[in-house]
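compute the structure for the input listed below.
(chains A, B, C and D)
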2 protein chains.
Amino acid sequence: MTDAPTKARKRDGSLPSALVDAGIELLRERGSGGLSLRECAAKANVSHAAPGYHFKNLKGLSTAIATRGFGHFVDAMEKRRKSATTNPKAQLEAICQGYLDFASDYPELFLFIFSGQQFNKDDEPFETVASKAYAILREACAPYVPTESRPEEIEILVWSLVHGFAHLSMTRKLDNPQLGRTWPDFDVVIGHLFKSITAAQE
Amino acid sequence: MTDAPTKARKRDGSLPSALVDAGIELLRERGSGGLSLRECAAKANVSHAAPGYHFKNLKGLSTAIATRGFGHFVDAMEKRRKSATTNPKAQLEAICQGYLDFASDYPELFLFIFSGQQFNKDDEPFETVASKAYAILREACAPYVPTESRPEEIEILVWSLVHGFAHLSMTRKLDNPQLGRTWPDFDVVIGHLFKSITAAQE
DNA sequence: CCACATAACTTGACACTGTCAAGATATGAT
DNA sequence: ATCATATCTTGACAGTGTCAAGTTATGTGG
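Numbers count the residues shown, from 1 in each chain, chains lettered A, B, ... in the order given. As a prediction, the model looks like this:
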């Protein structure tokens, strides 16, 4: 479909990326459980065992897809962060908005990444991009951690709230879409959040 | 294993429940993706197509498992709620603790239920127990919604926080178990939560 | 007690999946 | 032009979900 006329793919190293593309397309079409090595191969116009050569097994392809997902994740957060003023509140708000941008722009990748399934934790590109995402959030939270308090407290507070909000919005809206009308904006939720952490500061 | 000697199962209507047992055991052993109709059948000492007769397809069995999961979910919350004083703060705290009890007692069911996969929304037992869970949380939040404010705001705030905390605790601790040491207790997180919602009340 | 209707399974088949081994083929270096 | 190697293909095997058709138990009416 993407590669209509050419019967055999040029061996230019583009296949792994094309297979990840196909996998994401598959996730979008059939949900988190609909990933298949053979269908990815078919979408990329290669034989059914070609994905196995590059990714070893399904977990390998899943890890590559998750790596792509985390890439979009950090991009979304950094894009919002760069176009915000430098004061801590604006920065943290921007990070959270980026988080939600990612969840609504790539719902299947969001669900896939946080579905609880295990990826190859020894995969180097995956580990670096994933920890980069955590680092961004941690940095934005830093100004709000009280002196002589472990930073984890605030980080988990912020992270849990935005992640829980995104995750629940997603799953509930998938269940019954007409519920989107009564669903609160994130602004009011994050309003409460700032009341909480500034109260903790004093 | 559970039914060692008897070669053929008695037709007493116990098979559906036994298959759900087997499915949960399978989820515990192999994670969210390791569910299989045929293995459930083998564990219950019936033929490979027996699950299909009761649950139609894999989605049907999954829905039955999720129904069981939501049952434990509401049990955990109500158990904590009943052994708490009747003041609103203790009640809400109890609900949240029950939420986390469920997540740590049945991690595979927690992940399975909230993995984003679709269940049979027309399944009557599933729908009733699921909405009962939501009703419990909603009731506990009711005292905290400000007058002339939509209840969803506070509900989502509380729900997102406790769900996000549980979900992140789970997935991160699955990734690297030694992280459990630095992970904050829920008490301190819920402390911030109450600062937030009582600040909203005034 | 016996036929019989029906619920509860079993057997068998088909298309599909992941994964491995072995063969084919293009690409770049010598 | 030869050759080594990375990249892909072909073929096979075990396992999966799902359906159709056959079998067996169970309880009900005669």
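
for the rest of this, base every contact and every neighbour count on C-alpha atoms.
Noted.

so where's chain A uncertain?
For chain A, applying pLDDT under 70 flags the ranges A:1-8, A:174-181, A:199-202.

apply 50 and report the result again.
A:1-7, A:202 (pLDDT under 50).

who in it is up against DNA strand D?
With the criterion set to C-alpha under 7 Å from any atom of the strand, chain A comes near DNA strand D through A:8-16, A:45-50, A:53-54.

try 10 Å
A:7-16, A:18-19, A:38, A:41-42, A:44-54 (C-alpha under 10 Å from any atom of the strand).

can you tell me which of those residues are in strands?
Among the residues of chain A next to DNA strand D, none falls in strands (DSSP state E).

can you say which of the residues you listed are buried?
A:15, A:16, A:18, A:19, A:38, A:41, A:42, A:44, A:45, A:46, A:50, A:51 (16 or more other C-alpha atoms under 10 Å in any protein chain shown).

closest one to DNA strand C out of those residues, please.
residue A:38 (3.9 Å; C-alpha to the nearest atom of the strand).

am I right that the closest one is in contact with residue A:46?
No: contact criterion C-alpha atoms under 8 Å: residue A:38 and residue A:46 do not qualify, at 9.2 Å.

okay, now residue A:195: neighbour count?
When counting by other C-alpha atoms under 10 Å in any protein chain shown, one arrives at 18 neighbours for residue A:195.

isn't it right up against residue B:196?
Yes: counting by C-alpha under 8 Å, residue B:196 is a contact partner of residue A:195 at 5.5 Å.

find the helix or strand that residue A:32 is a member of.
Assigned by DSSP states H and E, residue A:32 falls within no helix or strand.

wait, it sits on residue A:112?
Yes: with contact defined as C-alpha under 8 Å, residue A:32 counts as touching residue A:112 (5.9 Å).

contacting residues for the closest residue to residue A:60 other than its chain neighbours?
The shortest distance from residue A:60 to any non-neighbouring residue, by C-alpha to C-alpha, 6 or more residues apart in numbering or on different chains, is to residue A:120 (6.8 Å). Residues near residue A:120 by C-alpha atoms under 8 Å, 6 or more residues apart in numbering or on different chains: A:59, A:60, A:63, A:126.

need the buried ones from these selected in PyMOL.
Typed into PyMOL, the next command selects the buried ones out of the contacts of residue A:120 (criterion: 16+ other C-alpha under 10 Å):
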select buried, chain A and resi 60+63+126
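
residue in chain A nearest to DNA strand D?
Counting by C-alpha to the nearest atom of the strand, chain A gets nearest DNA strand D through residue A:47, at 3.2 Å.

list phi and psi for that residue.
phi -70, psi 170 (degrees, to the nearest 10).

mind listing what residue A:166 touches?
Contacts of residue A:166 (C-alpha under 8 Å, 6+ apart): A:100, A:103.

host element of it?
helix A:151-175.

quick check: next helix or strand after that helix?
Helix A:151-175 is succeeded, C-terminally, by helix A:186-201 (DSSP H and E).

so how far is that next one off the chain centroid?
Computed by C-alpha atoms, centre = their mean, to the nearest Å, the separation of helix A:186-201 from the middle of its chain amounts to 24 Å.

what lies in contact with stretch A:140-158?
By C-alpha under 8 Å, 6+ apart, stretch A:140-158 touches A:88, A:91-92, A:95, A:137-138, A:193, A:197-198, A:200-201, B:161, B:165, B:182-184, B:188-189, B:192.

of those residues, grab the buried ones for ChimeraX.
Command for ChimeraX that selects the buried part of the contacts of stretch A:140-158, burial taken from 16+ other C-alpha under 10 Å:
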select /A:88,91,92,95,137,138,193,197,200 /B:161,165,184,189,192
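
is any residue of the strand or helix carrying residue A:74 near DNA strand C?
In the assignment (DSSP H and E), residue A:74 maps to helix A:58-82. Yes: part of helix A:58-82 sits near DNA strand C under the criterion C-alpha under 10 Å from any atom of the strand, namely A:58, A:59, A:60, A:61, A:62.

which parts of that helix are buried?
Buried residues in helix A:58-82 (16+ other C-alpha under 10 Å): A:60-78, A:80-81.

list of residues touching it?
A:20, A:23-24, A:36-37, A:51-52, A:55, A:91, A:94-99, A:101-102, A:109-110, A:112-113, A:119-120, A:123, A:125-126, A:129-130, A:132-133, A:136.
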